[in-house]
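Student: model the structure of this input:
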Amino acid sequence: MSAKLDLTVVSLYRVDGQDEAYLPGLFCAPAPRRAARGRGEDRLVLQLFAPPELGLSAEAQASLLQDMANGYFRTAGAVTSALREQVERLNTYLFQRNQGSPPAGAAQLSLMLLREERLTLAQCGPLHGFQLSKSIHHYYDAQGAGRGLGLGQNAQMRFYQFELHPGERLLSLAQLPASWNESTLADSEQAELGALSQRLLDQAGEQLTAVLLEVQPGTGSLQQVSASQLRPQPKPTAAAAADVPAPATLSDTAPVRAQPLAGAWVEPPLAAATTYSDPPEPEMATPTPISERLRDLSGRFVPPLRQFLERILPEEPIFNLPPRVMGLIALLVPMAVVILVAVVYLQFGRQQLYVNYLERAQAAAAIATASGDAGEVRLAWEGVMYYAERAAHYEEDQAVAFELLSRANAALDEMDVIRRLEFNPILSQPLANDAQITRMVATNNEIYLLDSSSGNILRLFLAGDGNLGRYQQDANFRCGPGQYGSFIVSALVDLALLPRGNAANAELIAMDANGNVLYCAQGQAPSAQTLTPPNNHWGRPRSLRIANGDLYILDPQTNAVWLYEGEDHAFGEAPRFFFGAEVPSLRDVQDMAVNGSDIYLLSSDGRMVRCTLGTSVNNPTSCENPATYTDTRPGFGNGPQIEGANFEQVRISEPPQPAMYMLDPVARAVYRLSLTLSLDTQFRSLNDLPAGLATAFAVTPNRAILLAISNDVYIGFLPSE
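Tutor: Residues are numbered from 1 along each chain as shown. Here you go, the predicted structure:
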């Protein structure tokens with residue numbers, strides 16, 4: 001299970017040279033206690049840039065954003081779909097306000113959602129996002145993100161997804177200050193959060209509206225502060241310190257929770273940081289003696305009870321009860337009433353709730369069965385899921401509700417082309433606790449894993465019956481960073497299988513970020529080679545592939561794919577630049593696959609660039625950028641992205657029936673597409689998997705899918721077709 005991260009949100013707001021603590025249009029929301037399925041660990045940060053012409057006060061902006069956050073946490077399904085739904089609602093509202101003459105203008109919106117270490121960034125309008133880690137990634141797409149909200153009936157959004165590791169930051173803003181330069185964000189990962197915030201403000205000039213996010217190991221809290229609160233406070237003198245009480249720390253103050261909107265707005269205090277977490281349990285008051293409790297109850301309840309009994313009962317001595325007995329009655333009667341109400345609820349209230357939810361689920365199932373509209377059918381089956389789950393919660397005999405749940409799951413799976421596989425762990429003992437598997441390749445009997453925490457390759461081999469999927473780790477296998485003769489190999493970043501019988505007699509080739517490669521095999525020492533660098537030198541190679549005996553290397557930093565034409569997998573010649581005059585942007589490309597003369601480049605937002613290698617000057621390399629996915633699912637359409645998917649890795653299976661497989665780490669799903677990018681099937685787990693992202697995958701020649709989750713590997717066998 002992934003470690004929990006604390007999220008700190010810093011508002012950077014300067015107006016006419018004056019730093020302000022309160023930033024209008026910034027809203028932070030943790031998951032409520034009763035969030036929709038899959039939303040319990042989400043933390044949402046919304047940043048709205050509303051022009052003054054829209055006439056939205058700070059209170060109105062906060063109301064709109066809180067409504068969006070509430071809607072998101074009530075909506076189940078894919079993160080991107082739920083965010084898009086809320087953006088469409090806001091866009092409709094702003095579009096209606098813009099119907100005046102002249103139009104008021106467009107609002108811009110940045111949505112940042114953190115789930116474990118996975119951050120989803122959505123931009124509506126030409127906004128800037130900077131991921132501040134060991135290297136700086138700039139997320140900006142003026143064309144893809146559109147002009148903003150409120151200008152048309154449909155909202156245009158640009159999604160990015162990436163991992164945000166402890167200590168890393170994300171900076172979001174609408175307009176870059178003219179006074180910022182390369183030094184502004186330099187070494188931003190090493191700087192203290194307060195120092196970095198102050199640097200951004202100091203170099204911004206007179207105006208700045210930005211938000212800075214940081215994650216650190218912790219308990220999963222969400223804290224909002226201003227830059228001024230991060231500045232070191234001057235120490236008081238000894239004399240002054242004696243008279244001034246110590247200020248309360250964050251741990252001493254009660255945390256503030258996001259509250260539902262009321263009729264009137266109260267501006268939150270600006271002097272204290274807002275920490276979003278569950279409120280602490282109230283301390284139990286010191287119990288008083290029982291006699292004092294009874295005396296107090298007797299004083300409050302006995303006189304009115306005596307008067308009541310005297311009115312309705314005969315004046316007999318038997319009713320002249322002692323005060324102690326009357327006090328006991330006053331204590332027991334309310335308790336009896338509470339118990340009676342609870343019994344009635346448990347016997348009849350829960351049953352009625354069960355009946356109500358079950359009837360709604362059955363009605364939704366009838367609509368789904370009778371309707372011919374795909375969108376209506378989907379909504380109806382989702383309604384069946386919602387009500388049947390709640391019905392099952394209120395009834396011990398859950399057979400009918402579970403039968404409806406099973407029908408709804410099967411119907412939605414069919415609509416979404418989902419096939420369920422049973423995934424089981426392949427190791428009797430998981431890998432080391434600190435193992436981080438980020439790449440994986442496999443044969444029918446061997447699995448090679450790249451452990452990014454150490455930069456080493458691990459080897460697993462099949463032990464026993466292959467159908468049982470039991471593997472053991474080869475403790476004697478060596479393939480990792482170190483000095484090999486005159487070559488120094490650093491941490492490895494990718495690997496690929498080599499065909500049997502190659503000149504190096506190796507099983508695989510691996511690469512570091514400096515253009516060095518290792519040839520590794522069981523039972524022998526690795527051999528190293530330094531590839532001939534390109535004329536403009538290496539940037540930071542990220543991925544390599546072997547196809548048709550040639551070596552392909554992706555280097556996003558230099559915006560290049562290099563092709564080494566090898567003889568018997570010895571790559572001693574200088575590389576060839578893959579592209580011609582048409583060179584796509586590779587800045588956000590995180591993985592690639594090769595099939596024949598075609599190369600597929602997968603970006604962090606799920607878009608794909610497909611290029612065909614040219615054969616001559618008259619037939620240069622050509623690219624489709626972005627390539628179009630074909631999505632035949634009811635209610636979905638073709639486009640540059642698969643809606644609801646968060647792709648991170650891509651592989652192409654071996655002939656005779658090659659297909660493209662892509663990993664969605666958030667859903668722990670593997671998508672299968674044709675080589676023309678037509679969606680065929682989603683493979684998901686039938687059984688429960690441990691929490692955490694799927695960090696790597698592979699497809700074996702004998703049609704098995706391998707998933708790496710945390711420090712373990714799981715196998716699921718594809719059905720015969």
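
Student: alpha carbons only for contacts and neighbour counts from here, please
Tutor: OK.

Student: after the strand or helix carrying T8 comes which helix or strand?
Tutor: In this structure, T8 sits in strand 5-15 according to DSSP states H and E. Going down the chain from strand 5-15, the next helix or strand is strand 18-19, by DSSP H and E.

Student: what pairs with the helix or strand following that following strand, parallel or antiparallel?
Tutor: With elements assigned by DSSP H and E, the helix or strand that comes after strand 18-19 is strand 26-30. Strand 26-30 has the following sheet partners, assigned by DSSP bridges: strand 43-49 (antiparallel).

Student: report the inter-axis angle for the strand it pairs with versus strand 5-15.
Tutor: Relative orientation of strand 43-49 versus strand 5-15 (axes from the mean of the first three to the mean of the last three C-alpha atoms, to 10 degrees): 10 degrees.

Student: A368 belongs to a strand?
Tutor: No - going by DSSP: H, G, I helix; E, B strand; the rest coil, the assignment for A368 is helix, not a strand.

Student: my read: V489 touches Q483, true?
Tutor: Yes - the pair V489 / Q483 is scored as a contact, 6.2 Å apart, by C-alpha atoms under 8 Å.

Student: looking at those two, which one has more neighbours?
Tutor: Applying other C-alpha atoms under 10 Å to V489 and Q483 shows that V489 carries more neighbours, namely 22 against 11.

Student: tell me which residues touch the more buried one, please.
Tutor: 480-483, 512, 516-517, 528 (C-alpha atoms under 8 Å, 6 or more residues apart in numbering).

Student: go on, Q590?
Tutor: Going by C-alpha under 8 Å, 6+ apart, Q590 touches 542-543, 601-604, 648-649.

Student: state the distance from it to A669.
Tutor: Using C-alpha to C-alpha, to the nearest Å, one obtains 18 Å as the distance from Q590 to A669.

Student: now T632
Tutor: T632 sits 18 Å away from A669, going by C-alpha to C-alpha.

Student: go on, E88?
Tutor: Separation of E88 from A669 (C-alpha to C-alpha): 27 Å.

Student: give me the nearest residue to S428, chain neighbours excluded.
Tutor: Closest residue to S428 apart from its sequence neighbours, by C-alpha to C-alpha, 6 or more residues apart in numbering: R470 at 7.2 Å.

Student: now swap in A408 and tell me
Tutor: W381 (5.3 Å).

Student: what sits against that neighbour?
Tutor: When the contact criterion is C-alpha under 8 Å, 6+ apart, the partners of W381 are 364-365, 368, 408, 411-412.

Student: what about it, which SS state?
Tutor: On the three-state scheme (three-state DSSP), W381 is labelled helix.

Student: show me the shaky parts of this structure.
Tutor: Where the chain drops to pLDDT under 70, the residues are 1-3, 100-104, 232-328, 330-331, 338, 340-351, 395-397, 464-469, 721.

Student: how is it partitioned into domains?
Tutor: 5-232, 293-415, 420-717 (automatic domain parsing).

Student: mind checking which of the contacts of Q590 are in strands?
Tutor: Members of these lying in strands (criterion: DSSP state E): 543, 601-603, 649.

Student: export those as a markdown table, with columns for neighbour count.
Tutor: Formatted as a markdown table, the ones in strands among the contacts of Q590 follow (neighbours: other C-alpha atoms under 10 Å):
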| residue | neighbour count |
| --- | --- |
| S543 | 25 |
| L601 | 26 |
| L602 | 24 |
| S603 | 23 |
| Q649 | 26 |
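
Student: which two among those residues are spaced furthest apart?
Tutor: In the ones in strands among the contacts of Q590, two members sit farther apart than any others by C-alpha to C-alpha. They are S543 and S603, at 12.8 Å.

Student: shared neighbours, the two?
Tutor: Shared contacts of S543 and S603, counting by C-alpha under 8 Å, 6+ apart, come down to 590-591.

Student: pretty sure L421 sits against Q682.
Tutor: No - at 10.2 Å, L421 does not count as touching Q682 under the criterion of C-alpha under 8 Å.

Student: okay, those two: which has more neighbours?
Tutor: Each of L421 and Q682 has its neighbours counted (other C-alpha under 10 Å); Q682 has more, 20 against 17.

Student: thinking again about what came up before, tell me which of the contacts of V489 is nearest to A21?
Tutor: Using C-alpha to C-alpha, the contacts of V489 come closest to A21 at D512, 45.3 Å.

Student: quick one, strands of the stretch 351-500 of the chain?
Tutor: Assigned strands in the stretch 351-500 of the chain, in chain order: 418-421, 424-425, 437-442, 446-451, 456-462, 471-473, 482-484, 487-489, 492-497 (criterion: DSSP state E, counting those that start in this stretch).

Student: scratch that, the stretch 151-300 of the chain is what I was asking about
Tutor: Taking DSSP E, counting those that start in this stretch to define them, one finds strands in the stretch 151-300 of the chain at 158-163, 169-173, 208-217, 222-226, 274-276.

Student: any idea which of those strands gets closest to T92?
Tutor: T92 lies closest to strand 158-163 among the strands of the stretch 151-300 of the chain, at 18.0 Å (C-alpha to C-alpha).

Student: which strands or helices does that closest one pack on?
Tutor: Strand 158-163 sits against strand 118-124, with contacts defined as 3 or more C-alpha pairs under 8 Å, 6 or more residues apart in numbering; DSSP states H and E.

Student: show me which of E88 and A669 is the more surrounded one.
Tutor: Just comparing E88 and A669: by other C-alpha under 10 Å the higher neighbour count belongs to A669, 22 against 18.

Student: for that one, give me phi and psi.
Tutor: phi -120, psi 150 (degrees, to the nearest 10).

Student: can you tell me who the residue lying closest to it once chain neighbours are set aside pairs with across the strands?
Tutor: Using C-alpha to C-alpha, 6+ apart and skipping residues adjacent in sequence, the residue nearest A669 is R684, 4.9 Å away. Beta-bridge partners recorded for R684 (DSSP bridges): R420.

Student: help me confirm that R684 comes into contact with L421.
Tutor: Yes - taking contacts as C-alpha under 8 Å, R684 lies within contact range of L421: 6.1 Å.

Student: report the buried residues of the strand holding T8.
Tutor: 5-14 (16 or more other C-alpha atoms under 10 Å).
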